[in-house]
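Enquirer: Need coordinates for the following:
(one chain, ligands or ions: 1)
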Amino acid sequence: MREPYSEVTADYELWSCQDIDSTEDEVIELVGSLVRAMKPRLCVEVGSHVGLSSFEIGRALERNGRGHLHCFESTPQAARAVRERTAGLPVTVHPMTDLRFDPSELPGRVDFLFVDGDLDNRGASMNHWRDSLSENHVVAVHDSLKHWEVRQSIETAGFSERLDIVTPRGISLLRF
Ligand SMILES: C[S@@+](CC[C@H](N)C(=O)[O-])C[C@H]1O[C@@H](n2cnc3c(N)ncnc32)[C@H](O)[C@@H]1O
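Expert: Residues are numbered from 1 along each chain as shown. Now for the predicted structure:
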């Protein structure tokens, strides 16, 4: 489907998405390309919905020949869909909110963090993971330009670098 109206860009109809809860197709491709370019060892995705971005990250890691994705999806039925979609890829699906998971259980620091949960819990997720990020990490926060809750959570997060990519919903690349 075409991306619905967004006041972020007058060209919003140039983007597409599979359903309104899934990230824009073009942003999913961007996230996959970032993973291809960065060669991260450890990736975390907060909020997988039906796993379109999880699949793209997992496929990028497989092509890289190293790295693993841990996805967190709090809706059990959605988490099952993510598990099916990413079967055979270097992906572990955690059917739970990321905030209940202890980051020290992971085998290292997180190189790439994709924050795409509910609009009102992005700040909590950034706080939860920030002490577990690696030196060259990238944190990608989706919906960062369309929704004030997400904009506000980024502004109060205390990042050191920020790049906003203009899409109908927006994605911001942060370094803490
Ligand atoms: C916008 S959708 C994610 C879209 C997905 N990343 C994609 O690219 O298609 C948000 C999802 O996050 C889940 N969710 C919200 N807060 C969460 C949290 N803190 N931990 C895990 N899942 C969460 C919701 O159940 C929902 O399925």
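Enquirer: Let me know how buried residue 173 is, in neighbour terms.
Expert: 17 (other C-beta atoms under 10 Å). The way it works is simple: take the backbone N, C-alpha and C, and place the C-beta from them, glycine included.
Enquirer: for it, which residues make a bridge with it?
Expert: Using DSSP bridges, the beta-bridge partners of residue 173 come out as residue 140, residue 163.
Enquirer: these two touch, right, it and residue 137?
Expert: No - taking C-beta atoms under 8 Å as the definition, residue 173 is not a contact partner of residue 137, at 10.5 Å.
Enquirer: element containing the residue nearest the centre of the chain, please.
Expert: Within the chain, one residue has its C-alpha closest to the average C-alpha position: by C-alpha atoms, centre = their mean, that is residue 114, at 2.4 Å. Residue 114 is part of strand 110-115, with elements assigned from DSSP states H and E.
Enquirer: That strand vs the ligand: in contact?
Expert: No - using C-beta under 6 Å from any ligand atom, strand 110-115 never reaches the ligand; the gap is at least 6.9 Å.
Enquirer: Show the contacting residues for residue 2.
Expert: Residue 2 sits next to 13, 15, 16 when contact means C-beta atoms under 8 Å, 6 or more residues apart in numbering.
Enquirer: count of neighbours near the last one?
Expert: So the one you mean is residue 16. Here the number of neighbours of residue 16 (other C-beta under 10 Å) works out to 12.
Enquirer: State the number of residues packed around the closest residue to it other than its chain neighbours.
Expert: Nearest non-adjacent residue to residue 16, counting by C-beta to C-beta, 6 or more residues apart in numbering: residue 25, 4.9 Å away. Taking other C-beta under 10 Å as the criterion, the count of residues near residue 25 is 16.
Enquirer: So which residues of the protein form strands?
Expert: Remark: strands of the chain, listed N- to C-terminal, are 42-46, 68-72, 91-94, 110-115, 133-142, 161-165, 171-175; assignment by DSSP state E.
Enquirer: and those as TSV, adding distance to residue 60 and mean pLDDT?
Expert: Shown next, in TSV, are those (distance: least, C-beta to C-beta, whole Å; pLDDT from 0 to 100):
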stretch	distance to residue 60	mean pLDDT
strand 42-46	9	98
strand 68-72	9	98
strand 91-94	11	98
strand 110-115	10	98
strand 133-142	13	98
strand 161-165	17	97
strand 171-175	16	98
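Enquirer: got the contacts of residue 2 as TSV, with distance to the ligand and pLDDT columns?
Expert: Written out in TSV, the entries for those read as follows (distance: C-beta to the nearest ligand atom, whole Å; pLDDT from 0 to 100):
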residue	distance to the ligand	pLDDT
13	19	93
15	13	96
16	13	92
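Enquirer: got JSON lines for these, with distance to residue 66 too?
Expert: What follows is the contacts of residue 2, written out as JSON lines (distance: C-beta to C-beta, whole Å):
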{"residue": "13", "distance to residue 66": "38"}
{"residue": "15", "distance to residue 66": "31"}
{"residue": "16", "distance to residue 66": "31"}
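Enquirer: No more questions from me, cheers.
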